[in-house]
Structures are given as structure tokens and as C-alpha cells.
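Asks: Below is the sequence, then the predicted model.
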Amino acid sequence: MTTLAVLQPGYLPWLGFFDQLLRSDVFVYYDDVQFDTNGWRNRNRIKSASGPMWLTVPILHSGRTGQKIVDVEIDNRRSWAKKQLASIAQSYARAPFLGRYLPELEQLLACPPALLVDLDIAVVDLMCRWLGIDRKMERSSQLAVDGGQSERLLNLCKRFRADRYISGDAAKDYLDVPLFLAHGVAVEWQAYQHPTYTQLHGAFQPHLSTLDLLLNMGPESLGILQRTS
């Protein structure tokens, strides 16, 4: 059985993103759909001494309403990367694996690309290497697969000969499951159960960037992710 997952790219994604990646054989970045302002494409959260803190990549948006993710440009006129790295270093100064991972992230952010999607994918690639995850990964913008909302996702399954499609629960509002079943593709809902692990700064806080897991747990991170995969 071949399992396909399709997700919009995100910046420093949370554990649920990597859970879907782990459950799939083929993973497609859904990068040619509309960019969602105030979503997760250009931001995520870490845990500081005062609670969750946003890390946001500034984008150029004036006069660009309705642009697709693949077209979104980063506003690199701002010194956003240095500020983010300083926030990470300060918030995780006592994290046991800060020194193991932060230098590579610093190197990646030292010269960020022009396009947000390229940054998101580069960050995910880096985090996959840290986690030890290896999957076939594609971009929908490079696949020329058409159709309506459900039809296009089904056509992506057909493209990769996938007979199972994994999706987050939010898609239950629109995904045409009978259509998938009629074409021999089973639909599996993620139903993600967030694991707990040792964190800094008090009581456990879920739904942070996976960077929080890595800096706190290091090589144990993959095993923690696999508890629900």
C-alpha cells in the first residue's frame, strides 16, 4: 500500500506536520494554493520563559492580495533572521541540544532565499535530517495536476499510484471521501494525539514548533514523534 500526504508548506512546522510526513510514502507540498494570511506558512511558536513566542518571517504583501504560496516573497529588507536566532538562543540557553542544532539553522538563515516556499522547504529538509526522516517529497506547483478541491487531491493520489490518502481532521468539512473510495483510494484521518516530553520553562506547552522538541530532546525526538505515527 502506498500512502500519500498533501500539506501546505510551513515555517518551522509543529509535530503534527512531521507526523503526517512519517505516515506517508510520498509527501506533496501543496504550494500553489492561496496564501493564508496569519496562518502557519510564515510563522510558528517557540517556548520562552514568559510563554509561547511567535517567530514570524516578514513577507511582501502590499498589492498582492490573493497570491499563491509559491509566489510569496520574503521581506529581506528587515533583519528578521538575526532577531529570531537571538530569541531562540535566549529561550533555549539551558536546552541540552541547543549547541547541536542552532549553528546549522544559523547558517541556513544567514542568507535566506527570496521566496517563502524555498525557505520553508529548506527548513523542513534540515529538520528531517536532524530527525532522521527520509521520504519522497514533491511540490504540487511542479506536477501540473488539475481539478477541483477533492478531485485534485485524488489526481495527486493517482499520479503516485497511492491507494491511501492521509489527511488532517480539518479536511472533513470538504473532502469528498466517497469520490476517493470510488477510485480505490482509502482515506485515513490523522486524529493526532500530541505527545509530551521534557520542556523548559514550566508546565508542558503543546503545539509549538518541532524545534522545541529537538532542542530539548535531541536524538530522542524521532522516537517521541513515532509514539503516534
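Replies: Noted; the coordinates are in hand.
Asks: Mind giving me the packing neighbours of the helix of greatest length in the chain?
Replies: Longest helix of the chain, by residue count under DSSP state H: helix 116-131. Counting contacts by 3 or more C-beta pairs under 8 Å, 6 or more residues apart in numbering; DSSP states H and E, helix 116-131 packs against helix 15-23, strand 26-29, helix 98-109, helix 210-217, helix 221-225. Any C-beta I mention is one placed from the backbone N, CA and C, and that applies to glycine too.
Asks: Pull up the gap between residue 4 and residue 189, please.
Replies: Using C-beta to C-beta, to the nearest Å, residue 4 is found at 14 Å from residue 189.
Asks: Looking at these two now, which is surrounded by more residues?
Replies: Neighbours per residue, other C-beta atoms under 10 Å: of residue 4 and residue 189, the larger number sits with residue 4, 26 against 14.
Asks: close enough to count as contact, the more buried one and residue 155?
Replies: No. Shown here, residue 4 and residue 155 do not form a contact pair, counting by C-beta atoms under 8 Å, at 10.9 Å.
Asks: Low-confidence ranges, the protein, go.
Replies: The model of the chain has pLDDT under 70 over residues 63, 228-229.
Asks: returning to what we had before: okay, buried residues for the longest helix of the chain please.
Replies: 116, 117, 119, 120, 121, 123, 124, 126, 127, 128, 130, 131 (16 or more other C-beta atoms under 10 Å).
Asks: Residues in contact with it: which ones?
Replies: Residues from elsewhere that reach helix 116-131 (C-beta atoms under 8 Å, 6 or more residues apart in numbering): 9-13, 17-18, 21, 29, 31, 41-42, 57, 59, 69-70, 72-74, 101, 104-105, 108, 112-113, 134-135, 139, 210-211, 214, 221-222, 225.
Asks: can you map out the strands along the chain?
Replies: Along the chain, counting by DSSP state E, strands occupy 3-7, 26-29, 43-48, 51-56, 136-139, 164-167, 186-189.
Asks: List the neighbouring strands of the first one plus their orientation.
Replies: Each strand pairing with strand 3-7, determined using DSSP bridges, is listed with its direction: strand 26-29 (parallel), strand 164-167 (parallel).
Asks: and the nearest residue to residue 205 once chain neighbours are set aside, how many residues sit next to it?
Replies: Closest residue to residue 205 apart from its sequence neighbours, by C-beta to C-beta, 6 or more residues apart in numbering: residue 47 at 5.4 Å. Residues near residue 47, counting by other C-beta under 10 Å, number 23.
Asks: Wait, residue 47 touches residue 203, no?
Replies: No. Using C-beta under 8 Å, residue 47 is not in contact with residue 203, being 10.3 Å away.
Asks: Nearest approach to residue 81 belongs to which of the helices and strands packed on helix 116-131?
Replies: Evaluated over the helices and strands packed on helix 116-131, closeness to residue 81 peaks at helix 98-109, with 4.0 Å, by C-beta to C-beta.
Asks: which one of the strands paired with strand 3-7 has the most crowded surroundings?
Replies: Most buried of these by mean neighbour count (mean count of other C-beta atoms under 10 Å) is strand 26-29; its value is a mean of 22.
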